[in-house]
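A.B. asks: how would this look folded up:
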Amino acid sequence: MSYVGEEVINLLQEARSSAGLSQRALSEKAGISQSHISQIESGTLEPGLSKLIQIARALDLELVLVPRKMIPAIKNLTAVSRPERESPTFALKELNRAARIIKKKQVEFGDSAFLDRMQSDLQSFRHVRLSPADLNMIRRDADRLKSLVADEASSSRLRNIAREWTLRRNTLVHGPSDGPRPAYAIDEDDDA
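C.D. replies: From the prediction side, this is the model:
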């Protein structure tokens with residue numbers, strides 16, 4: 001049996017188990033003999049497309065052809081159990097909380113290039129997938145920002161927080177840096 005076949009059969013077995021169905025119960029629902037289902041699950045028989053569809057539909061599943069590049073999006077949409085801290089709702093709550101703190105500090109501090117930059121970086125964070133570590137950094141820095149008062153000593157801490165956010169934004173948007181890159185390169189083969 002091919003690797004793809006094994007993967008599909010494993011998914012069907014998991015679905016059957018999750019539904020609490022025995023092979024015999026599935027055979028009755030699908031209209032396929034129990035021995036046929038047993039052979040398919042054991043890998044001794046490759047199911048034909050029509051049998052595969054019958055089994056899938058009996059398990060309340062649907063076989064669909066999906067463009068390969070869409071698979072990650074579909075997996076994200078169909079994720080069953082995701083820890084709360086990895087959910088898009090949790091990320092949105094954290095980003096909204098940080099936005100409220102930045103707005104309050106903009107009123108308190110007045111014009112601040114650092115707060116403006118943080119607000120811009122926050123907008124970029126809304127358009128990328130944030131890991132739990134990214135969200136922890138945003139939460140931690142929002143708490144640090146919340147405790148700042150408008151004085152001379154806070155200016156350097158504000159600058160450090162803004163710099164950290166910009167570095168994180170650059171990494172998330174452009175990927176990790178491999179080190180400094182030259183602004184231009186001279187091709188050795190270019191004789192012009």
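A.B. asks: Helices along this structure, start to end?
C.D. replies: Along the chain, the stretches classed as helices by DSSP state H are 3-18, 23-30, 34-42, 49-58, 71-77, 88-109, 113-125, 132-146, 152-174.
A.B. asks: Reformat those as a markdown table; add mean pLDDT, distance to L65 and mean neighbour count.
C.D. replies: All C-beta spots, glycine's among them, are computed from the backbone N, C-alpha and C. Formatted as a markdown table, the helices of the chain follow (pLDDT from 0 to 100; distance: least, Cβ to Cβ, whole Å; neighbours: other Cβ atoms under 10 Å):
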| stretch | mean pLDDT | distance to L65 | mean neighbour count |
| --- | --- | --- | --- |
| helix 3-18 | 76 | 13 | 14 |
| helix 23-30 | 92 | 21 | 17 |
| helix 34-42 | 89 | 21 | 16 |
| helix 49-58 | 90 | 12 | 16 |
| helix 71-77 | 77 | 11 | 10 |
| helix 88-109 | 87 | 27 | 15 |
| helix 113-125 | 91 | 35 | 17 |
| helix 132-146 | 88 | 34 | 16 |
| helix 152-174 | 86 | 32 | 15 |
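A.B. asks: Leaving out the residues flanking it, which one is nearest to R24?
C.D. replies: Spatially, and ignoring its direct neighbours in sequence, R24 is nearest to Q34 (4.8 Å; Cβ to Cβ, 6 or more residues apart in numbering).
A.B. asks: how much space between the one you found and Q23?
C.D. replies: From Q34 over to Q23 the distance is 5 Å, taken as Cβ to Cβ, to the nearest Å.
A.B. asks: Equivalent analysis for R163, please.
C.D. replies: R163 is 61 Å from Q23, by Cβ to Cβ.
A.B. asks: Same question for I71.
C.D. replies: 29 Å.
A.B. asks: what's the domain layout of this protein?
C.D. replies: 3-63, 84-174 (automatic domain parsing).
A.B. asks: coming back round to it: now for the helices of the chain, which one comes closest to V64?
C.D. replies: Distance to V64, taken as Cβ to Cβ, is lowest for helix 71-77 among the helices of the chain, at 9.0 Å.
A.B. asks: So what touches the closest one?
C.D. replies: V66 (Cβ atoms under 8 Å, 6 or more residues apart in numbering).
A.B. asks: so how far is it off the chain centroid?
C.D. replies: Put simply, helix 71-77 sits 9 Å off its chain's centre (Cα atoms, centre = their mean, to the nearest Å).
A.B. asks: Pop out the phi and psi values for the residue positioned nearest the centre of the chain.
C.D. replies: Nearest residue to the geometric centre of the chain (Cα atoms, centre = their mean): R129, 5.4 Å. Phi and psi for R129, reported as degrees, to the nearest 10, are phi -80, psi 120.
A.B. asks: so who does it touch?
C.D. replies: By Cβ under 8 Å, 6+ apart, R129 has no neighbours at all.
A.B. asks: can you tell me which residues contact V128?
C.D. replies: Contact analysis of V128 by Cβ under 8 Å, 6+ apart lists 172-173.
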